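Engineer: Sequence and computational prediction follow.
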Amino acid sequence: MLGDLALADHSCASLLATWARAGGGQFPAWRASFTGAGRPAGLAARDVPGLLGYRHFLAALADLLDVAPEPGPRSTGRLGVRPPDPQAGEELERQVVARRDELAGADPSGYLRLLLDHAGIAALLVDTGAGGDKVLRPAELERAADRPAHEIVRLEPLAEELLAPGAPTTRSLARLVAGFEERVGLAMERGAVALKSIASSRGGLWLFTETTQADRRRAFTNLDKAAQSERFDDAVLLPFLVRRAAELAGTRRVPLQFATGIGDEDVYLPHADPALLWPMLRDPRTEDTPVVLLGCYPYVGAAAHLAGTYPQVHMDLSPALALAEPIAARMVSEALGLCPPGKLLAGSGGRAYPESHWWGATVWRRALARVLRAEVAAGGLDDTAARDTARRVLATNATRLYRL
């Protein structure tokens, strides 16, 4: 149903400069994409291989790369049943990684295009706020992928740069705010298609309530600027600056993305509920700013309710959809229960390695197709309406919202 429809990946990060080799260690580095742990080595070694979603990922990638698992010896139980070899998954992983590194090593761009073409990804909207010089810049990614790569500017790093020791913007709150507003404006002028905040992992979305000038001055006076230049998470100044960015974005109709729901280990889930953005969504200064809620799980219903209630709100289930792949169709069904089809977007949530971009997009397609097939079978949609819904979710909504 959906194989011929393009996908505009509006929510992803760039690739590591060293992405062409995933093996070489105790386990493939892409396992880190299947856990939110800040120190993923232990979990990646012990827990990730057993995840149902990871098993499904390996099987699908093996199929794409034409890797046939080599059968190993199996023991026979008391009832004559031959239980699966517990090392079979690791052996398949080893074979997949070997084949993958062979292809990527011989022709990195060709392998990258193979994955993106198979996933139907026609454009990449890239969050440039993580990885620094370890990841490809959008222009480099665009050349390697042979398709457009647009920049999404993350807000927290802008503040961190302004708080670097010795920076003139550390001398007063007015200078900090002016410098931040200038950088946000320049980012939009140079063509950034969206802004993004990870406030949900820097204290939580519950902080988005109004503060007074006295509150902000006090916070700036007491600010440990050296520490905040490494990780900006001040409970008063972070939400204030994000709201200022929202006001500036609203004047240009540039979307502001928010990571919500599950994420890394810094996310306290009750404080990552997208409904906590309610004060900002109703503020006359920011109520016209397009807002995109990312992830959303386990608050899919809350996010869909916001998208169905507030004209400026849109939502996407990535990267949570790929992380929770066994229940992906259930999540898409819940989202479409309240979210208008014109406000649901599909992204891969991919990062670091292109297999995560491929897998995120593939999971989105499979889940959406399953939900729409069920609707057609039940008589809720005909084939034409189902394809129109799919086309909007996969690409049209994003190309309109980000003015691609």
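Structural biologist: Structure received.
Engineer: What are the contacting residues of stretch 204-213?
Structural biologist: With C-beta atoms under 8 Å, 6 or more residues apart in numbering as the test, stretch 204-213 has contacts from 199, 235-236, 238-240, 242-243, 258, 260, 268, 270-274, 276-277, 279-280, 283. Quick note: C-beta positions are derived from backbone N, CA and C, even for glycine.
Engineer: Whichever of the residues you listed end up buried, select them in PyMOL.
Structural biologist: The PyMOL command for the buried members of the contacts of stretch 204-213 (criterion: 16 or more other C-beta atoms under 10 Å) is given here:
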select buried, resi 199+236+238+239+240+242+243+258+260+272+273+274+276+277+280
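Engineer: Out of the contacts of stretch 204-213, which sit inside helices?
Structural biologist: Mapping the contacts of stretch 204-213 onto helices (DSSP state H) picks out Leu238, Pro239, Phe240, Val242, Arg243, Pro279, Met280.
Engineer: can you pull out the strands in the chain?
Structural biologist: Along the chain, the stretches classed as strands by DSSP state E are 7-13, 121-127, 149-154, 194-197, 256-260, 291-295, 313-316, 344-345.
Engineer: got JSON lines for those, with mean pLDDT and distance to Pro69 too?
Structural biologist: Listed next are the strands of the chain as JSON lines, based on pLDDT from 0 to 100; distance: least, C-beta to C-beta, whole Å:
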{"stretch": "strand 7-13", "mean pLDDT": "97", "distance to Pro69": "29"}
{"stretch": "strand 121-127", "mean pLDDT": "98", "distance to Pro69": "27"}
{"stretch": "strand 149-154", "mean pLDDT": "98", "distance to Pro69": "34"}
{"stretch": "strand 194-197", "mean pLDDT": "98", "distance to Pro69": "39"}
{"stretch": "strand 256-260", "mean pLDDT": "98", "distance to Pro69": "36"}
{"stretch": "strand 291-295", "mean pLDDT": "98", "distance to Pro69": "33"}
{"stretch": "strand 313-316", "mean pLDDT": "98", "distance to Pro69": "34"}
{"stretch": "strand 344-345", "mean pLDDT": "98", "distance to Pro69": "35"}
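Engineer: closest to Arg99 out of the ones you listed?
Structural biologist: Arg99 lies closest to strand 121-127 among the strands of the chain, at 21.3 Å (C-beta to C-beta).
Engineer: how about the CA coordinates for the closest one, as CSV?
Structural biologist: This file holds the C-alpha atoms of strand 121-127, laid out as CSV (Å, rounded to 0.1, in the frame of the first residue of the first chain):
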residue,chain,number,x,y,z
ILE,A,121,13.4,8.6,2.6
ALA,A,122,13.3,11.5,0.2
ALA,A,123,14.6,14.3,2.5
LEU,A,124,16.3,14.6,5.8
LEU,A,125,15.6,17.3,8.4
VAL,A,126,18.6,17.1,10.7
ASP,A,127,18.9,18.2,14.4
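Engineer: Parallel or antiparallel, list what pairs with that strand.
Structural biologist: Using DSSP bridges, the strands paired with strand 121-127 are strand 7-13 (parallel), strand 149-154 (parallel).
Engineer: Off-centre distance for it?
Structural biologist: Computed by C-alpha atoms, centre = their mean, to the nearest Å, the chain-centroid distance of strand 121-127 equals 11 Å.
Engineer: Give the residue spans of the protein that score low on pLDDT.
Structural biologist: For the chain, applying pLDDT under 70 flags the ranges 1, 39-42, 44, 70-88.
Engineer: Pick out the residue nearest the middle of it.
Structural biologist: Gly349 (3.1 Å; C-alpha atoms, centre = their mean).
Engineer: Make a markdown table out of the strands paired with strand 121-127 and add mean neighbour count and distance to Leu306.
Structural biologist: Converted to a markdown table, the strands paired with strand 121-127 look like this (neighbours: other C-beta atoms under 10 Å; distance: least, C-beta to C-beta, whole Å):
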| stretch | mean neighbour count | distance to Leu306 |
| --- | --- | --- |
| strand 7-13 | 28 | 17 |
| strand 149-154 | 21 | 21 |
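Engineer: okay, those in a markdown table with distance to Val96 next?
Structural biologist: Formatted as a markdown table, the strands paired with strand 121-127 follow (distance: least, C-beta to C-beta, whole Å):
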| stretch | distance to Val96 |
| --- | --- |
| strand 7-13 | 22 |
| strand 149-154 | 26 |
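Engineer: quick one: which of the ones you listed is nearest Leu136?
Structural biologist: strand 149-154 (8.7 Å).
Engineer: what's in contact with that closest one?
Structural biologist: For strand 149-154, using C-beta under 8 Å, 6+ apart, the contacting residues are 123-130, 138-139, 141-142, 184, 187, 191-198, 257, 402, 404.
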